[in-house]
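**Student:** Predicted model, plus sequence, below.
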Amino acid sequence: MSNTDLLSLSEAAKRFNIPVPTLRAAVQSGVLPGQKIGNQWVVSQQSIEQFLANRPKRGRPPKNQP
């Protein structure tokens, strides 16, 4: 990750309208690549975009209709 495209979790949350706890859980579980600088997690904009494109849809799956 280059320093030019790094976002803190709070910046990423504001920019992509995702709750900070969701981002933090994704980083800590390894689903979203990030790194800790000092006491702050940072992620790249590209990794956030990939995370959003690949995460499963929320809610109940549709019923199978014949």
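**Tutor:** Okay, I see it. Numbers count the residues shown, from 1 in each chain.
**Student:** gap between the closest residue in space to residue 32 that isn't next to it in sequence and residue 56?
**Tutor:** Here the nearest residue to residue 32 in space, its sequence neighbours aside, is residue 26; by C-beta to C-beta, 6 or more residues apart in numbering that works out to 3.8 Å. C-betas here are computed from N, CA, C, even on glycine. Distance of residue 26 to residue 56, computed by C-beta to C-beta, to the nearest Å: 12 Å.
**Student:** if you count what's nearby, which of the two comes out ahead?
**Tutor:** With other C-beta atoms under 10 Å as the criterion, residue 26 and residue 56 differ in neighbour count, and residue 26 comes out ahead with 20 against 6.
**Student:** OK, contacts around the closest residue to residue 47 other than its chain neighbours?
**Tutor:** Among residues not flanking residue 47 along the chain, residue 33 sits closest, at 4.9 Å (C-beta to C-beta, 6+ apart). For residue 33, the contact set (C-beta atoms under 8 Å, 6 or more residues apart in numbering) comprises 27, 43, 44, 47.
**Student:** out of the residues you listed, which is most surrounded?
**Tutor:** When neighbours are taken as other C-beta under 10 Å, the top entry among the contacts of residue 33 is residue 43 (23 neighbours).
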